[in-house]
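Novice: Give me the fold of what follows.
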Amino acid sequence: MKMEHDSLQNIFDSTFAGIRQVREAFTPQLRPQEVGTITSVATGIAKVSGLPGIGFDELVTFPGDVTGIAFNVDADEIGVVLLGEYWHLHAGDEVRRTGRVMDVAVGDGLLGRVIDPLGRPLDGNGPVVTSRRLPVERPAAAIMDRAPVTEPLQTGIKVIDALIPVGRGQRELILGDRQTGKTAIAIDTILNQHDQNVLCIYCAIGQRASAVAKTVATLREKDAMDYTVLVVTEGNDPPGLAYIAPYAATSMAEFFMEAGHDVLIVYDDLTHHARAYRELSLLLRRPPGREAFPGDIFYIHSRLLERATHLRRELGGGSLTALPIIETEAQNISAYIPTNLISITDGQIYLSPSLFELGVLPAVDVGKSVSRVGGKAQRAAYRAVAGDLKLAYAQFEELETFSRFGARLDEDTRKIIEHGRRIRACLKQPEFDPVSVPAQIAVLLTLIAEHFDDVPLDRMTGAEQAVRKAAAEIPAQVRKRLDTADRLSDGDRETIIQIAGQALGAFLPEPDAKSEPDPKAAPQETS
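Specialist: Numbering: from 1, shown residues only. Next up, the predicted model:
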């Protein structure tokens with residue numbers, strides 16, 4: 001018993017001796033720390049005085065673990081954008097500098113998670129485990145670090161992959177009036193990356209909570225969360241969070257890109273981002289310009305979208321493809337924010353309300369949509385059919401307008417219109433139903449060969465589905481050449497068209513169904 005007591009005494013003595021030694025060796029150091037004071041608080045912003053050494057974009061902390069970003073740096077006070085609930089803040093509260101800029105957690109632990117721009121989980125699945133942080137604002141890759149866009153990003157949407165192709169590393173704007181299917185195109189594109197080795201980031205900016213919940217449910221149902229990160233701000237969040245959301249999401253995407261991955265990022269939508277920035281700017285007394293937006297709104301979006309690129313092979317060869325979404329008002333694509341983004345991006349996909357009302361979904365207006373880069377990355381099999389398809393569709397749309405006036409049409413014009421109607425029917429596609437490359441090529445080649453023209457218009461949906469299913473019978477060597485060959489050989493085209501033609505047999509009208517001319521009928525007038 002005494003022996004145990006002695007050993008315990010020795011442990012205590014050695015422990016206290018160690019503590020005494022550390023205490024005697026410690027030399028207290030005085031470090032100055034700037035502590036400011038809130039002078040006023042408004043909606044989403046605070047005016048602060050007493051921080052003379054602060055820098056632009058520096059992070060500051062408020063009572064209650066609220067953070068903010070120094071936005072206006074004036075001689076006597078600074079304007080701070082608040083990044084959290086601020087109702088408990090009052091004039092006179094302390095403000096402390098952090099000495100660092102706003103940063104966000106990045107890493108593989110983000111995949112499958114729903115988080116806010118500060119990296120806090122919103123899905124109830126516990127804390128986000130990451131080992132690295134990156135600033136939300138980072139310079140875009142230098143020009144000499146970039147490689148040409150040479151590889152396609154398949155959206156699984158026939159009209160886009162054929163006529164408005166998107167390449168990996170491109171910035172393609174999606175714009176249109178509200179409720180025309182802009183988000184649906186972005187979600188379909190994410191779903192199509194399931195086996196394409198592309199990671200996806202969906203950034204919801206100021207969206208309704210119900211809309212975000214629906215998107216999360218769709219991605220979970222289709223098993224897309226394994227390769228997707230959702231960065232979410234809702235409509236009732238402070239405007240500061242909506243402002244930093246796309247920058248934070250881009251930093252997360254850049255981490256994957258710099259690791260050699262291909263990444264797709266969707267900004268839904270930048271209209272809310274521009275309005276959040278306008279709100280903050282006007283509260284901070286920045287002068288408004290055209291349509292009441294501050295003059296640097298162009299720079300806000302350009303420095304965001306310039307970060308999308310395709311890196312050189314020496315830097316890992318990763319890519320970051322951006323699909324920003326913007327909302328137009330009354331189809332006015334020449335408004336201030338839409339024209340800004342059209343000039344920043346490499347093309348646009350315009351969704352027409354009139355097509356939407358006619359039931360042509362996706363409601364892509366081929367005439368107003370363009371891809372300035374993707375054609376160079378498009379597969380050769382698409383290029384073989386896309387030119388003829390676009391010309392035939394444009395002729396049809398032009399002639400369709402005249403045919404509505406009841407004018408008499410000659411046989412050639414009638415054929416062009418009937419062919420165009422089949423093109424429109426084939427380019428229709430239900431939501432959440434991406435189409436594989438072989439199925440798309442089979443449908444497009446059958447269209448160009450005019451095999452659909454004999455199918456009654458009311459049976460086109462079933463006929464197109466039959467051709468898509470028949471694409472599974474395309475020989476493996478031909479399917480492989482769809483990805484690798486410079487162009488389709490005549491033999492390959494014949495093989496695909498023959499398989500599709502067999503599938504169409506059940507949808508063609510019976511020969512005896514065609515009405516024979518009645519000899520007793522009066523002869524038609526000739527013009």
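
Novice: Please count neighbours and contacts with C-alpha atoms only from this point.
Specialist: Noted.

Novice: which residues sit against stretch 130-148?
Specialist: 101-110, 244, 247-252, 303, 306-313, 315 (Cα atoms under 8 Å, 6 or more residues apart in numbering).

Novice: Stretch 353-362 too?
Specialist: For stretch 353-362, the external contacting residues (Cα under 8 Å, 6+ apart) are 176-177, 180-181, 185, 331, 351, 363-365, 424-425, 428-430.

Novice: picking up where we left off before, which among the contacts of stretch 130-148 end up buried?
Specialist: 101-107, 110, 244, 247-252, 303, 306-312 (16 or more other Cα atoms under 10 Å).

Novice: From those residues, which land in helices?
Specialist: Those of these mapping onto helices are 244, 247-252, 303, per DSSP state H.

Novice: of all the residues you listed, which two lie farthest apart?
Specialist: Distance extremes for these: the farthest pair is Met252 and Arg303 at 15.8 Å, using Cα to Cα.

Novice: could I get the ones in helices among the buried ones among the contacts of stretch 130-148 as TSV with distance to Gln477 and pLDDT?
Specialist: Formatted as TSV, these follow (distance: Cα to Cα, whole Å; pLDDT from 0 to 100):
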residue	distance to Gln477	pLDDT
Ile244	48	97
Tyr247	44	98
Ala248	44	97
Ala249	40	98
Thr250	39	98
Ser251	41	97
Met252	39	97
Arg303	45	96
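
Novice: Nearest to Ser14, out of the residues you listed: which one, please.
Specialist: Distances from Ser14 to those, taken by Cα to Cα, are shortest for Met252, at 48.8 Å.

Novice: who's in contact with the lowest-mean-pLDDT helix or strand in the chain?
Specialist: Using mean pLDDT, DSSP states H and E, helix 2-25 stands out as the lowest-scoring helix or strand of the chain, at a mean of 79. Helix 2-25 has contacts (Cα under 8 Å, 6+ apart) with no other residue.

Novice: circling back: show the buried residues in the contacts of stretch 353-362.
Specialist: For the contacts of stretch 353-362, burial is judged from neighbour counts taken by 16+ other Cα under 10 Å, and it is met by 176-177, 180-181, 185, 331, 351, 363-365, 425, 428-429.

Novice: What about these, which are in strands?
Specialist: Judged by DSSP state E, the buried ones among the contacts of stretch 353-362 include 176, 351 as members of strands.

Novice: Would you map the strands across the stretch 351-500 of the chain?
Specialist: All strands of the stretch 351-500 of the chain, identified by DSSP state E, counting those that start in this stretch, fall at 370-371.

Novice: Below-threshold pLDDT in it: ranges please.
Specialist: For the stretch 351-500 of the chain, the stretches with pLDDT under 70 are 406-407, 485-486.

Novice: Show me what the closest residue to Arg171 other than its chain neighbours bridges to in the sheet.
Specialist: Once flanking residues are discounted, Arg171 sits nearest to Ala322: 4.7 Å by Cα to Cα, 6 or more residues apart in numbering. When bridges are called by DSSP bridges, Ala322 pairs up with Arg171, Ile265.

Novice: And Ala322, what's its pLDDT?
Specialist: Predicted confidence (pLDDT) for Ala322: 98.

Novice: Contact partners for it?
Specialist: For Ala322, the contact set (Cα under 8 Å, 6+ apart) comprises 169-172, 264-267, 305, 308.

Novice: Report the two of those separated the most.
Specialist: Spanning the widest gap among those are Gly169 and Tyr267, at 15.0 Å by Cα to Cα.
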